[in-house]
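In: got a predicted structure plus its sequence, pasted below:
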Amino acid sequence: MPPSKVTKQNQTIRQGPVQVADKNGPAWLTLMRNDFPLLRKAIIILGISLISCSAMVIAGKVLWNKQQTAMTLAQAQYNEALNNRNQIASDNQAIHDYQAKYLQLRERGFVGEERRLDWITQIKFIRENRKLLPITYEIAPQQVFQISPEVSTGELELRGSKMKLQIELLHEGDLLNFLDDLKTKGLYTVQDCTLERINTIAETPLSPRLAAECNLYWLTIDKPTGNPDATPQPDNQ
């Protein structure tokens, strides 16, 4: 055969610009060349799917974090509401337990503003009822007491008004009865009392035998106020 018509196996025959792949060449090379347009479309779809999945995962994590934060906040609000409810229940129980005592102290004048007119009225009543000798008293301005930090009064102030009493007595029992009767119109504490015997001859059976001088503090508890009460004028009974 002429040399121009002789072909060799496993070689590519050139016919102008077109190249024909050898049938026995690598299969993957032929596949990539023929199916690349289809693979490109699939790769694009896969990339879009991966991006979408990543976005969904990120959005899910953000939503989960928000839900966790909202749940934590809701739990804190629930705990606060529960604590408030328990505190209210405890306060109501305390009010129920101490209401009778509170009303009693308020009736006696310990809770709230001091009642100086009640003290003066009670002194007159005791003197007339027990037929005592004249009583002289002075009431100083009210002052705030400094109490121990261990004693909690909350927002209230403990106050006291000093009263100085001078009484002439027939016997010691008159003083004890007077101080005991005085308790019905307030709460007070005696700071000191002195008794002196009158060294004069009694002109009548009702002449005084003793002279007493006592200093006591009328106590009240109330919310803080501006100015304390003014000092009243001394009065003789």
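Out: Perfect, thanks for sending it.

In: domain map for the protein?
Out: Split into domains by automatic domain parsing, the chain comes to 22-108, 116-236.

In: I126 and K183 touch, don't they?
Out: No - between I126 and K183 there is no contact under CB atoms under 8 Å: 10.7 Å. Just so you know, the C-beta spots here come from the backbone N, C-alpha and C atoms, and that holds for glycine as well.

In: who has more neighbours out of the two?
Out: Neighbour totals were compared for I126 and K183, and I126 leads with 21 against 11 (other CB atoms under 10 Å).

In: and that one, what pLDDT?
Out: In this model, I126 is scored at 94, pLDDT.

In: quick check: closest non-adjacent residue to it.
Out: D181 (4.6 Å; CB to CB, 6 or more residues apart in numbering).

In: next up, the contacts around that neighbour.
Out: Q122, I126, N129, R130 (CB atoms under 8 Å, 6 or more residues apart in numbering).

In: from the residues you listed, list the buried ones, please.
Out: Among the contacts of D181, those classed as buried by 16 or more other CB atoms under 10 Å are Q122, I126.

In: pick the one among the contacts of D181 closest to S161.
Out: Relative to S161, the closest of these is Q122; by CB to CB it sits at 14.4 Å.

In: which of the helices or strands spans that closest one?
Out: helix 116-130 (DSSP states H and E).

In: now swap in Y137 and tell me
Out: strand 135-139.

In: buried residues, that strand. List them.
Out: I135, Y137, I139.

In: now do it against helix 116-130, angle only.
Out: Relative orientation of strand 135-139 and helix 116-130, computed by axes from the mean of the first three to the mean of the last three CA atoms, to 10 degrees: 170 degrees.

In: run me through the strand neighbours of the following helix or strand past strand 135-139, direction for each.
Out: Sequence order places strand 143-144 as the next helix or strand after strand 135-139, per DSSP H and E. If you go by DSSP bridges, strand 143-144 pairs up with strand 157-169 (antiparallel).
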